[in-house]
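Student: A structural model of the following input is requested.
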Amino acid sequence: MPAAASSLIATLARRPHTPDTLARDQCRDLLAALAQVADPRARRGRRHTLVAVLATAIAAGLAGHHSLAAIAGWAQDAPQAVLATLGVRRHPLTGRYQPPARPPCGGC
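Tutor: Here you go, the predicted model:
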């Protein structure tokens, strides 16, 4: 059965996977909500805030990337402006936004 003429499938299929820009006010409510989530990780060794990790995973998931490897790949390819809006930290020497990466052990 073909999709109805009002279907958004064709429109969504033409959307780019990574936006070139993302305004901070587009993410404000999401980031505020994520800031309320308690971080269960040990304080030692954290490189990224939980908000940045979750926001990056959500943005990648909305772009159709659902595995850890796919989310990490999306984050590595995301424009610097998008990473800044998601709250990703800057590298102290280069000043570039460094997205969270998949752990080498696959999530252990």
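Student: any low-confidence regions in the chain?
Tutor: Counting by pLDDT under 70, the chain shows low-confidence ranges at 1-27, 102-108.
Student: can you get me a residue count around residue 37?
Tutor: Residue 37 has 10 neighbours, counted by other Cβ atoms under 10 Å. To be clear about C-beta, it is placed using only N, CA and C from the backbone, and glycine gets the same treatment.
Student: kindly confirm my reading that it forms part of a strand.
Tutor: No: judged by DSSP: H, G, I helix; E, B strand; the rest coil, residue 37 forms no part of a strand; its state is coil.
Student: distance-wise, check it relative to residue 94.
Tutor: Noted for residue 37: a distance of 29 Å to residue 94, by Cβ to Cβ, to the nearest Å.
Student: tell me what the longest helix anywhere in the chain is packed against?
Tutor: Secondary structure of the chain per DSSP state H: the longest helix is helix 50-62. Judged by 3 or more Cβ pairs under 8 Å, 6 or more residues apart in numbering; DSSP states H and E, helix 50-62 is in contact with helix 24-34, helix 68-77.
Student: do you know which of those lies nearest residue 58?
Tutor: helix 24-34 (7.0 Å; Cβ to Cβ).
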